[in-house]
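# Pasting a predicted model and its sequence here:
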Amino acid sequence: MMKIKNESRHVKITGSDRIFHGAVAVILTAFLLLVLYPLIYVLSSSFSSGNAVTSGRVMLWPVEFSLNGYQIVFANNSVWTGYMNTIFYTVVGTLINLSLTVLTAYPLSRKTFQGRKFFTIIFMIPMFFGGGLVPTYVLMSNLGLTNTRTVILLSGAISIYNMVLMRTFFQNSIPNELLESAKIDGISDVGYLVRIVLPLSKAIISVITLYYVVGHWNSYFTPLIYLRSREFYPLQLILREILNASKVDATQIQDSAILAKLAGSADVMKYSLIVVATVPVLVIYPFIQKFFEKGVMIGSVKG
Amino acid sequence: MKLNYADLTKAKSQKIGIRAEEFRKNFLRDWQLYLLILLPLIYILIFHYGPMYGLQMAFRNYRAADGITGSEWVGLKWFEKFLTNRQFKQVFSNTFILSIYNLAIGFPLPIIFALMLNTLRREKYKRLIQTVSYMPHFISLAVAVSLVSMVLSPVNGVYGGLYNLLGGSGYPVDFRSTAGAFRHIYVWSDVWQQLGWNSIIFIAALSSVSPELHEAAQIDGASRFKRVLHVDLPAILPTICIMLILRCGSIISVGFEKAYLMQTGVNLQTAEVISTYVYKVGMGSFRDFSYGAAVGLFNNVINLVLLLIVNYVCKKMTSDDVSLF
């Protein structure tokens, strides 16, 4: 083995290989810039003056640095309500999602669980066939859930796909011998789940938490169909409203000093709003990136 | 004869008795597991199987006052209405073309990206590209669509600025409200947003390719490009197949959100897809629940059939374990 390795270091890099590597590097760099540019553009615009953005002078870096956009965003009452609602939906919703996912994935991962096949089928069918939008809406409305906070938390409370990822992880990454020795020590099934399985599953739990958090944070469709009262609106609905309007609703801003700035800064404010709404989810990703690649691997490749 | 028969039933009931006894024993052994799965089971029965039960409204003239089972049975009336509707052809072909276009572009690109990234030798640069490529995935659709529309604005977007910079006079064509441009904007903005993210699984699969295979091929004089084709690609083929099956299963369920958010009123000719149509007839001002349910069911059934076909084909074409079920 060593010999082969040493030999491979001496294999000459040919001219065609050099061209290939060069071409790949150029294409990937072009792609990198293409993905990055809109993000930088938004960030720079959000820190520029209204005049600079409206006249299209922002190209790469902020022009005439100003914080007007952010001041207007933070003075807007409906943005605050939306932000608070989104945080509530994300935190409580994700906790519900995680609990239901673990509660399903764990029993289904136990090979001797009686009825495992039956339950697996029951849980898998909705992945491929469902009632659809209208019957779901009618059900929610018959249950008296439309236009409540509960409906946002309950609709899609368990993602079958994530549940399968977690079940596969439990099956493949936690050695069966652990269960056997724990059983000999007289530990219960619930005790085994809480004290042994969960602490060993940090990687998959963080990956699935990320999925759920991003889903809640960016959710637009569910609140759109079920909510009518503005007090329940999450950030995404408010954001869409503001981004689409050509004028800002001045009644949402009480501070008259900021109101005065509004006139020339409507466009900048939109960019600032995008930054404010997106940064929280972008920020959490790097923290769990190391779990991420591992988690995806284990969860699905073997699936 | 009579005796024999009696014996047989006796043996049978004994067997059933043993089975029931075993079932009871296992049930008592696993009672905690049943307890754990009880809550999700109730949830899924109500919120996933409930709507499936409610699907019968697609065959009835649903009125809220009569309830689902109390409403008048009308058979296939709503399906006929949809299939003979002059909008049907347009909505259906819009959905189909958009899906195929999105699949043809959006499926192979992440694979090519993963293969290319895998040949990069500078670890740090590789990491950087990978991390940046994921970022757009975290942007919500509401933001992404608005962003695309701001960039494409002929007046003060990057697009308008570029047009003037290159010496164009006045304002360029507004693609956002051009029906012909809708599909391209939809698909390519999706590439921008999802390419990196969708490549994760392939990158992960590539990292498990044995380096010895590469060394052996190298000694045989295979160039790097040849090794991509003959070593890397075959190694991730099973993953590609699984992902393809999953994508095909939703081939005519174009996501509601993006199409809906991108609709401007003037581009409906290409931007109206089945899911937005269901939303408009079912949830819009008409509240035509039964009709909406029927169109939704039609869509779901086609998806399911496509999934089964692709799964079957993949099973036939590749060796054993590359299929969902």
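Received it, and whenever you're ready, just let me know what you need. Residues are numbered from 1 along each chain as shown, chains lettered A, B, ... in the order given.
# what's the domain layout of chain B?
B:2-60, B:77-317 (automatic domain parsing).
# now the first one: how far from the chain's centre is it?
Between the mean C-alpha point of domain B:2-60 and the mean C-alpha point of its chain there is a distance of 32 Å (C-alpha atoms, centre = their mean, to the nearest Å).
# And for the longest one?
Chain-centre distance of domain B:77-317: 10 Å, with C-alpha atoms, centre = their mean.
# sorry, back to before: need the domains of chain B in CSV with mean neighbour count, distance to residue A:220 and mean pLDDT, can you?
The C-beta positions use only the backbone N, C-alpha and C, and glycine is treated the same way. Below are the domains of chain B laid out as CSV (neighbours: other C-beta atoms under 10 Å in any protein chain shown; distance: least, C-beta to C-beta, whole Å; pLDDT from 0 to 100):
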stretch, mean neighbour count, distance to residue A:220, mean pLDDT
domain B:2-60, 14, 20, 85
domain B:77-317, 18, 5, 84
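# In a markdown table: those, plus distance to chain A.
Shown next, in a markdown table, are the domains of chain B (distance: least, C-beta to the nearest C-beta, whole Å):
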| stretch | distance to chain A |
| --- | --- |
| domain B:2-60 | 2 |
| domain B:77-317 | 3 |
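# export the ones you listed to CSV and tack on distance to residue A:240?
Formatted as CSV, these follow (distance: least, C-beta to C-beta, whole Å):
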stretch, distance to residue A:240
domain B:2-60, 26
domain B:77-317, 4
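# wait, which of those is closest to residue A:116?
Among these, the nearest to residue A:116 by C-beta to C-beta is domain B:2-60 (9.1 Å).
# Residue A:186: which of the domains of chain B is closest?
Closest approach to residue A:186 among the domains of chain B is made by domain B:2-60 (13.5 Å; C-beta to C-beta).
# Residues touching stretch A:194-203, excluding its own?
Contact with stretch A:194-203 is made by A:102, A:106, A:166, A:169-170, A:173-174, A:178, A:182, A:187, A:205, A:291, A:294-295, A:298, as judged by C-beta atoms under 8 Å, 6 or more residues apart in numbering or on different chains.
# likewise stretch B:283-295?
So stretch B:283-295 is in contact with A:132-135, A:137-138, A:225, B:54-55, B:57-62, B:71, B:74, B:78-79, B:81-82, B:274, B:277-279, B:281-282, going by C-beta under 8 Å, 6+ apart.
# Also stretch B:261-274?
By C-beta under 8 Å, 6+ apart, stretch B:261-274 touches A:220, A:240, B:87, B:90-92, B:94-95, B:98, B:141-142, B:145, B:148, B:176-183, B:185-186, B:252-254, B:259, B:276, B:295, B:299.
# now swap in stretch A:42-52 and tell me
By C-beta under 8 Å, 6+ apart, the list of residues contacting stretch A:42-52 reads A:53, A:58, A:60-70, A:264-268, A:271-272, A:274-275, B:147.
# Generate a ChimeraX selection restricted to the buried subset of these.
Only the buried entries of the contacts of stretch A:42-52 go into this ChimeraX selection, using 16 or more other C-beta atoms under 10 Å in any protein chain shown:
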select /A:53,58,62,63,66,68,69,70,265,266,267,268,271,272,274,275 /B:147
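# Assign the closest residue to residue A:276 other than its chain neighbours to helix, strand or coil.
In space, and not counting its chain neighbours, residue A:276 is closest to residue A:73: 5.7 Å by C-beta to C-beta, 6 or more residues apart in numbering or on different chains. Recorded secondary structure, residue A:73: helix (DSSP: H, G, I helix; E, B strand; the rest coil).
# correct me, but residue A:73 touches residue A:79?
Yes. With contact defined as C-beta atoms under 8 Å, residue A:73 counts as touching residue A:79 (5.8 Å).
# tell me, what's touching the two both at once?
A:273, A:276.
# So those two - more neighbours on which side?
residue A:73 (25 against 22; other C-beta atoms under 10 Å in any protein chain shown).
# Helices - which of the contacts of stretch B:283-295 land there?
A:133-135, A:137-138, A:225, B:54, B:78-79, B:81-82, B:274, B:277-279, B:281-282 (DSSP state H).
# can you map out the helices along the stretch 101-250 of chain B?
Assigned by DSSP state H, counting those that start in this stretch, the stretch 101-250 of chain B shows helices spanning B:108-119, B:123-134, B:141-151, B:158-165, B:182-206, B:211-219, B:224-227, B:233-249.
# name the helices or strands packed onto the third one?
What that stands for is helix B:141-151. helix A:15-46, helix A:235-244, helix A:256-296, helix B:182-206, helix B:256-262 (3 or more C-beta pairs under 8 Å, 6 or more residues apart in numbering or on different chains; DSSP states H and E).
# Now do the contacts for residue 137.
All of this is about chain A. A:146, A:225, A:226, B:282, B:283, B:289.
# hm, I was asking about chain B
B:193, B:194, B:196, B:197.
# Chain neighbours aside, what residue packs nearest to the second one?
Leaving out its chain neighbours, the residue that sits closest to residue B:194 by C-beta to C-beta, 6+ apart is residue B:137, at 6.1 Å.
# Tell me the spacing between the one you found and residue A:35.
10 Å (C-beta to C-beta, to the nearest Å).
# Can you pull the residues that touch both of these two?
residue B:196.
# where in chain A is pLDDT low?
Chain A contains residues with pLDDT under 70 at A:1-13, A:246-251, A:254, A:256-264, A:293-303.
# Nearest the middle, which residue of it would you pick?
residue A:214 (1.6 Å; C-alpha atoms, centre = their mean).
# picking that back up, for residue A:159, find the nearest of the helices of the stretch 101-250 of chain B.
So among these, helix B:233-249 is nearest, using C-beta to C-beta, at 13.9 Å.
# report the angle between the axes of that closest one and helix B:182-206?
Using axes from the mean of the first three to the mean of the last three C-alpha atoms, to 10 degrees, the direction of helix B:233-249 lies 140 degrees away from that of helix B:182-206.
# Export helix B:233-249 to CSV, keeping only CA atoms.
The C-alpha coordinates for helix B:233-249 follow below in CSV (Å, rounded to 0.1, in the frame of the first residue of the first chain):
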residue,chain,number,x,y,z
LEU,B,233,-19.3,9.4,-11.5
PRO,B,234,-19.9,5.7,-11.3
ALA,B,235,-19.3,5.9,-7.5
ILE,B,236,-22.1,8.3,-7.0
LEU,B,237,-24.5,6.8,-9.5
PRO,B,238,-26.7,5.1,-6.9
THR,B,239,-27.1,8.4,-5.0
ILE,B,240,-28.0,10.1,-8.3
CYS,B,241,-30.7,7.5,-9.0
ILE,B,242,-32.3,7.9,-5.6
MET,B,243,-32.3,11.6,-5.9
LEU,B,244,-33.8,11.4,-9.4
ILE,B,245,-36.6,9.2,-8.2
LEU,B,246,-37.4,11.7,-5.5
ARG,B,247,-37.4,14.6,-7.9
CYS,B,248,-39.6,12.8,-10.4
GLY,B,249,-42.1,12.0,-7.8
